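> Next one to model:
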Amino acid sequence: MSRPTKANIVIDMEDVDKDDEMGIDATEAKTSRKKRSVVWKEFEIITNSGDMKARCNHCKHNLAYKKGGATTHLQRHLKLCTPRKATLVGKDKGPKQSLLSFDVTEGDEMLSIFKYDKGKVREELVKMFVVHEYPFRMVEHEFFTKFCRSLNPKYEPIKRQTLKLDCMKMYISEKESLKLALADINKISLTSDLWTSNQSIGYMCLTGHFMDSEWKLQKRILNFCPLEPPHTGLAIADSISECLIDWGIEDKISTITLDNASSNDLAVRVLKENFEAKEKLHFGGKIFHVRCCAHILNLMVQDGLTEIRDVIENIRESVKYLKLSPSRLYKFNEIVKSLKLSTSKRLILDVPTRWNSTYAMLECALENKSVFSRYKERDNNYKWLPFDEDWKRAAEVSKFLEVINDVTKVFSGRKYPTSNLFLRQIWKVRKMLNDMSTDNRDFVKRMTLKMKEKFDKYWGECNLVMAIGAVLDPRYKMKLILYSFPKIYPTDDFQRHIDDVRESLEFLYKEYLSVDSQINSSMSSATYDSNPSQAKKQKTDDFDEWVITNSDIIPGNKSEIDMYLDEGVYKPGNEEYEDFDALNWWKANSLKFRHLSKMARDILSIPITTVASESAFSAGGRVLDQYRSSLKPETVQALICMGDWLRQDFGVELASNVENEFMQEVQRLEDKYSSKPTQFNLLYSMVEVEVAAKTAKGSSSCTNEAMDFLVELFRNLLQHPDWTMSQVCTDSYGKTLKQWHGCLASSSFSLAMKLAPDRKKFTEVISGSGDVGADMEAFCTNFSPFLEENHKFLVRCSSRYLLSDTPFFNLLPDSDHVSALVPAQTLTPLNPAQTARSLCLKSNDSPALVSSSSTRSRDQGGGFVGIIALQGV
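Numbering: from 1, shown residues only. Have a look, this model is predicted:
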């Protein structure tokens, strides 16, 4: 064994010296193991007065140390060490210098300490996406993440699946909160309606209406749930009952408002029997079923306009002719500018199923009346110039529709009106019909007769909710009933309706009085027993006799309702009259009319229309658009319901509107054409530009989906003989092709549906010999299974079987090919390609614009929708 050299000895001694300085002898230093705890990165071991200590590297504080002992006390010290905290500024660990922020609470700015809360950020993110109906995928967009991090670098991105889970958790939490709030509400009114999504799933929207403790009208969408077909009255009643039980409000329902479908009548009857069996039928069931006034008004006007379609035919055809061609529309607008007329209102082509679109069409046409004759001078093919008599008739119809439009605005207000406002509007409509019935012109008589029939069908019997609501308006009381009923109802019948209103008013008041008496009976009894002297007859003196002789005495047994009606009507100032709030008046007089104010509170909050539920379908259409059609029904319900709750809580109103967005899209196309008329002279060139920008969604099965459309088209023709061809086509498109089309393609098809041929003309084109109805029925029955199998085949081989460059009509199977799969006798009069072409019938003055570019499949930008949009009718 070699001996150490001098140099080695020096080095060893130096190491020993270093170990001695740290309080560790040489032997221990050589044999000690490496310490694993992370605390030793911030502590060192020293010897102090012969004892080993752990010294903090930050504050130099000495703590107890034992070899192999615990380090918990060292970790605890690090958390509290002030010098260490100062070194951690800018890092994620530990507290640091606080950030100050200004919080605005009720208009006052308050200085507060800001602390980043990851959970709070995710909660606000959920609210933002739900309230504004953003797609979940947006949370993963790169620039959305960049934007959030620019606001706070600590933002941590999340996945859309995480956002969806957060939405569902918040929905459950918000639902429980709303349940607790509804537990304190005595009476709740319901509105409900049905809607079919682009997934062909039927949804039922159930909305609750009630008054809060501050006398403010509140509405909440309780359910937006799928409803399995068939949508019978029993199915609707069962679904509503399940929803009410789930919310725990099955004993609080006072009324339900529905439209006038026969299935709804059965549903109401079933629900009414259920509530009656449990003795929970409020108001004696007198006003349990409320028919939607907006729906009745719409049916009435539709019937009237059906009788006078020929009166405004030249105006409609003129607008249709101009709207069919961008070049014609451009010339028309140039004349408008040269005459310095208003350009704010552009020509609008009406939709047969929407009378208000007819009003808008006439209003715009009348405003540009002088332009049509000047356009005639520039276009020899224009053959529908309205005569002077046409303009006079259109002005009369427009004047009538203006009144209906004003009434509809009251019925369909965004903040739905209280029930006291409706009777006066109905009286205005009846007065107008009575005045028009004396007109000698044939078209006015025909329209008026048809509308009066519908009016008498639904409002021939008194609507108690409207009538009692009007009585509870201090501006009207019984005066409006006494004035309007003789004008609304026949001479020999109006007094009966007046008596019914007064009797029902007394009945409802006594019901509220009896409930309050039961609540206060025990308290009143106790008070009476404790003061027996009150039972003694009060003695009268000379003053009492003088008062009786010289004053009007109010009987002690006079009811609140008698006192209210005997008082004069309330007359607000001119500026306050239109904005008068009956609920605020009753709130201010609740001490004076203790029982009657509770009755007014419940009656005035009853909705007369289903607008609140129908508005949810616009939200449903935005949530379930063509890009988000895969959402599950439970997710759709959570988004729709929670979006409504949060908007109500925070007072947020959606700025977007489906109809406005569509009109903005049309405006965008018209502006694009105006900017470059030579480039955008045909609609399909715009479609091609949009497709180049990837706004259309592709599909590899153009033929099959087009045939789906045809099958659905024939099925609608058979099942809905009362539908116009436009209704048939629009419904068929919505159930089949629409899900594959982008915004522009959908808008183009919607525009084309306005130009659908007459139903009779269409049937003549596609028919051969024999019974065309039976042939269509056989086609739908036998061809559907073939299509289903063909869909599956195309899915399996879509990568090998592309149809992108094949003209659409050539893709349709011919009769021989179909006959090999379907019995020949069912298809004899029908050629599928001929049927498709019949939808694209061209008028004498509207040349077909079909080309190879317009007949390519949707992968290339249009397919069937391109053909229909580009054809005349």
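> Okay, now the sheet partners of whichever strand or helix holds residue 45, with direction.
For residue 45, the host element (DSSP states H and E) is strand 43-48. Sheet partners assigned to strand 43-48 using DSSP bridges are listed as strand 51-56 (antiparallel).
> buried set for the strand it pairs with?
52, 53, 54, 55, 56 (16 or more other CB atoms under 10 Å). Where you see a C-beta, it was placed from the backbone N, CA and C, and this is true even at glycine.
> contacts for that strand?
Residues outside strand 51-56 that contact it (CB atoms under 8 Å, 6 or more residues apart in numbering): 23, 42-47, 61-67, 74, 77-78, 81, 84.
> For the closest residue to residue 404 other than its chain neighbours, grab phi and psi.
Nearest residue to residue 404, sequence neighbours excluded (CB to CB, 6 or more residues apart in numbering): residue 301, at 5.5 Å. Torsion angles at residue 301 (phi, psi; degrees, to the nearest 10) stand at phi -70, psi -40.
> Over to residue 202?
phi -80, psi 130.
> what ranges do the helices span in the stretch 551-700 of the chain?
Per DSSP state H, counting those that start in this stretch, the stretch 551-700 of the chain carries helices over the ranges 560-566, 574-577, 582-588, 594-604, 611-623, 633-650, 658-675, 683-692.
> and what of the stretch 301-450 of the chain?
313-324, 326-338, 355-367, 369-376, 388-411, 422-436, 442-459.
> Tell me which of these approaches residue 234 most closely.
When the helices of the stretch 301-450 of the chain are compared by CB to CB, helix 442-459 sits nearest residue 234, at 24.0 Å.
> Name the residues that touch the helix or strand residue 173 falls within?
Using DSSP H and E, residue 173 sits in helix 160-182. Residues outside helix 160-182 that contact it (CB under 8 Å, 6+ apart) are 122-123, 125-127, 129-130, 136-137, 139-140, 158, 188, 208, 210, 220, 247-249, 252, 635, 638-639, 641-642, 645-646.
> Buried residues in that helix, which are they?
Buried, per 16+ other CB under 10 Å, within helix 160-182: 163, 164, 166, 167, 168, 170, 171, 174, 175, 178, 182.
> and if you look at stretch 587-598?
587, 589, 590, 593, 595, 596, 597, 598.
> Verify the contact between the first one and residue 215 for me.
Yes - between residue 587 and residue 215 there is a contact under CB atoms under 8 Å: 4.3 Å.
> can you map out the strands along this structure?
In the chain, the segments counted as strands under DSSP state E are 43-48, 51-56, 62-64, 99-105, 108-114, 188-196, 202-211, 217-226, 253-258, 289-291.
> hmm, back to that, my guess is the residue nearest to residue 404 meets residue 405, correct?
No - taking contacts as CB under 8 Å, residue 301 lies outside contact range of residue 405: 9.5 Å.
> about what we covered before: give the ChimeraX command for selecting the buried subset of the contacts of helix 160-182.
Selection of buried members from these for ChimeraX, criterion 16+ other CB under 10 Å:
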select :122,125,126,127,129,130,136,139,158,188,208,210,220,247,249,252,635,638,639,641,642,645,646
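> Residue 433 against residue 455, yeah?
Yes - at 6.5 Å, residue 433 counts as touching residue 455 under the criterion of CB under 8 Å.
> sorry, back to before: and the furthest pair within the buried residues of stretch 587-598?
587 and 595 (14.7 Å).
> got the contact list for the closest residue to residue 204 other than its chain neighbours?
Leaving aside its sequence neighbours, residue 204 sits nearest to residue 227 (CB to CB, 6+ apart; 4.5 Å). The contact partners of residue 227, by CB under 8 Å, 6+ apart, come to 194, 202, 203, 204, 235, 236, 239.
> rerun that using 6 Å as the cut-off
Neighbouring residues of residue 227 by CB atoms under 6 Å, 6 or more residues apart in numbering: 202, 204, 239.
> quick one: the first one from residue 633, how far?
Looking back up the chat, that one is residue 202. Between residue 202 and residue 633 the distance is 10 Å, computed by CB to CB, to the nearest Å.
> Ok, residue 117 next?
33 Å.
> ok, these two, which is more surrounded?
Legend: neighbour count by other CB atoms under 10 Å for residue 117 and residue 633, higher for residue 633 (16 against 11).
> what's near enough to touch the nearest residue to that one once chain neighbours are set aside?
Residue nearest to residue 633 in three dimensions, not counting chain neighbours: residue 226, with 4.3 Å by CB to CB, 6+ apart. Applying CB under 6 Å, 6+ apart, we find residue 226 in contact with 201, 203, 633.
> and residue 226, bridged to which residues?
Beta-bridge partners of residue 226, as defined by DSSP bridges: residue 203.
> in the stretch 101-250 of the chain, which ranges drop under the pLDDT threshold?
Scanning the stretch 101-250 of the chain for pLDDT under 70 picks out 101-112.
> redo that, cut-off 50
Nowhere does the stretch 101-250 of the chain drop to pLDDT under 50.
> Could I get the phi/psi values of residue 609?
phi -130, psi 170.
> wait, what's in contact with it?
Each residue near residue 609 by CB under 6 Å, 6+ apart is listed here: 292, 293, 294, 411.
> Swap in 7 Å and give it another go.
By CB atoms under 7 Å, 6 or more residues apart in numbering, the residues touching residue 609 are 257, 292, 293, 294, 411, 412, 416.
> which of those lies closest to residue 373?
Looking across the contacts of residue 609 and measuring by CB to CB, the closest to residue 373 is residue 412, at 36.6 Å.
> Report how many residues lie close to residue 491.
7.
> how near is it to residue 431?
Residue 491 is 16 Å from residue 431, by CB to CB.
> can I assume residue 191 is in contact with residue 608?
No - taking contacts as CB atoms under 7 Å, residue 191 lies outside contact range of residue 608: 9.5 Å.
> Tell me how many other residues surround residue 258.
Residues near residue 258, counting by other CB under 10 Å: 24.
> Likewise for residue 203?
23.
> isn't it right up against residue 228?
No - look at residue 203 against residue 228 with CB under 7 Å: they stay out of range, at 11.0 Å.
> ok, back up a step: do you know which of the helices of the stretch 301-450 of the chain lies nearest residue 152?
Closest of the helices of the stretch 301-450 of the chain to residue 152 is helix 388-411, at 44.7 Å (criterion: CB to CB).
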